[in-house]
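Q: One predicted model, sequence on top.
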Amino acid sequence: MDSGMDLFAAAETSGFSSPTDSGAAGGSMKPFEPLAKRMRPRNFQEFVGQQEAVGNGRFLRQMIEHDQISSMIFYGPPGTGKTTLAQMIAGMTGSAFHKLNAVAAGIQDIRQIVKEADEQRRYYQKHTIVFIDEIHRFNKSQQDVLLPYVEDGRLILIGATTENPFFEVNHALLSRVRIVRLYQLNDGQLVKILRQALQDTERGLGSQALQVTDEVLLSIAQMAGGDARMALNILEGAASMLPLSGGEITMDMVQEILGQKVQRYDKKGDNHYDTVSAFIKSMRGSDPDAALHYLARMLAAGEDVKFIARRIVICASEDVGNADPMALVVAMNAANAVQFIGLPEAQITLGQAVTYIASAPKSNAACEGIFAALRDVKSRNCGAVPIHLRDAHYKGAAKLGHGVDYIYPHDYPGHFTRQQYLPKELSSAHYYAPSGNGAEKRLSEYLHQCWPERF
């Protein structure tokens, strides 16, 4: 099938419908619809970005063009084309199309669609695509209802989610679908989309003959943060401030509409986990500038300061450790202080803690040590506690030999004397390997004097 065909027209003639969505691509365009909806691409020539998924020769594009669609989940940030792709697929394959929102839909809605899908297949030999937006919000029982219909082909499921499906969708359903990753659009792609809207006289703003500089378009793209829907909404808002006879969209107008840059951060979303991950890795990587940047993102988005403080405390032990024992002291004091003083002053305290942790020498030796010890405890016979180390304080312990041969280190020069501490089954085990960074260098030198064969 020609990928350049008018998908909306094809959908209309092939019975493409959306009983649950009156604004689906098969319907006539309404002038009061938002620009972002009016400008939804109708074919691959209008579709911008996502070349990894639907570029020439890509698997998904070939499936669409050869009408061999299987169930799939589109996973990616808002405004990257998940709904648009689903509607394009339905149009190009001549399939019946039903759109559900997981927040509002229930099991009964699915069963009604299955009933209609049976009729479509029996009488019209047509596939039925059910598009479920925010599929991660379907609970397990709702997802389970879909399984038999997806498995026997009565429904082609296209789910859309901003959340990592491997965390949010149950494994039984995941095993029956293909995951298609969609990526945040770059600034150049957003500028191209904005220009399409400015030039399109049928669906866009072309009849208004607006003037916009490349600088303003780039600023809108940057403010949208990879979200085509947001970029078009900003452009439409600015255009509404000008007469229908035309005019120039200026930076001042854009700033007036936006107020300030919208923070693209959802405390329960994938963006949240990506930002937190970058925050931790920047502290671990000794880059205080990057760590402050991601801290600022979280604070500007309203992240819970207690959550941020917990991550700093964990990093102080996991990544700084004994290379600078003061890191944990600073982190714990910061965690207590932010609860005591609250926002906005807590931002200063968090900034101090973050820059200290990021600037401190690093060692994960203590972290690796406890994990190695836990692996042994969980996977092998570790033996009994050596008898000379056992509790000797209760009556009768000495008769059992408990503690009898224990040597008290403080009775010896340097407050150290050699004796066996590990169970004999683990006598050769070695868990802690000081890095030699910062204060840990001194610890390493001391331990080498005590146990030269190990340190």
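A: Yep, it's here.
Q: Return, as residue ranges, the portions of the protein with sub-threshold pLDDT.
A: 1-31, 259-271 (pLDDT under 70).
Q: Got the domain ranges for it?
A: As given by automatic domain parsing, the domain ranges for the chain are 7-181, 187-258, 270-359, 382-450.
Q: My guess is residue 103 contacts residue 137. True?
A: Yes: counting by C-beta atoms under 8 Å, residue 103 does reach residue 137; the two are 5.5 Å apart. Where C-beta positions appear, they are placed from N, C-alpha and C, glycine not excepted.
Q: re the thing from before, how about JSON lines for the domains of the chain, with mean neighbour count added?
A: JSON lines is the format used below for those (neighbours: other C-beta atoms under 10 Å):
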{"stretch": "domain 7-181", "mean neighbour count": "18"}
{"stretch": "domain 187-258", "mean neighbour count": "18"}
{"stretch": "domain 270-359", "mean neighbour count": "18"}
{"stretch": "domain 382-450", "mean neighbour count": "13"}
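Q: Would you reformat the ones you listed as JSON lines and include distance to residue 367?
A: Putting the domains of the chain into JSON lines (distance: least, C-beta to C-beta, whole Å) gives the following:
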{"stretch": "domain 7-181", "distance to residue 367": "24"}
{"stretch": "domain 187-258", "distance to residue 367": "34"}
{"stretch": "domain 270-359", "distance to residue 367": "5"}
{"stretch": "domain 382-450", "distance to residue 367": "10"}
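Q: Which one of those domains lies nearest to residue 376?
A: domain 382-450 (6.2 Å; C-beta to C-beta).
Q: Start and end of that closest one, how far apart?
A: 24 Å (C-alpha to C-alpha, to the nearest Å).
Q: go on, stretch 198-216?
A: By C-alpha to C-alpha, one end of stretch 198-216 lies 13 Å from the other end.
Q: ok, now stretch 377-393?
A: Terminal residues of stretch 377-393 are spaced 26 Å apart (C-alpha to C-alpha).
Q: Quick check: phi and psi on residue 210?
A: When read as degrees, to the nearest 10, the backbone of residue 210 gives phi -80, psi 150.
Q: for residue 130, same thing?
A: Dihedral angles (degrees, to the nearest 10) for residue 130: phi -110, psi 120.
Q: Any idea what it is bridged to?
A: residue 98, residue 157 (DSSP bridges).
Q: quick one: residue 302 from residue 272, how far?
A: Distance, residue 302 to residue 272, using C-beta to C-beta, to the nearest Å: 11 Å.
Q: Residue 205 too?
A: Looking at residue 205 against residue 272, where the rule is C-beta to C-beta, the gap reads 34 Å.
Q: about what we covered before: quick one: which of the domains of the chain is nearest residue 368?
A: With C-beta to C-beta as the measure, domain 382-450 is the member of the domains of the chain nearest residue 368 (7.3 Å).
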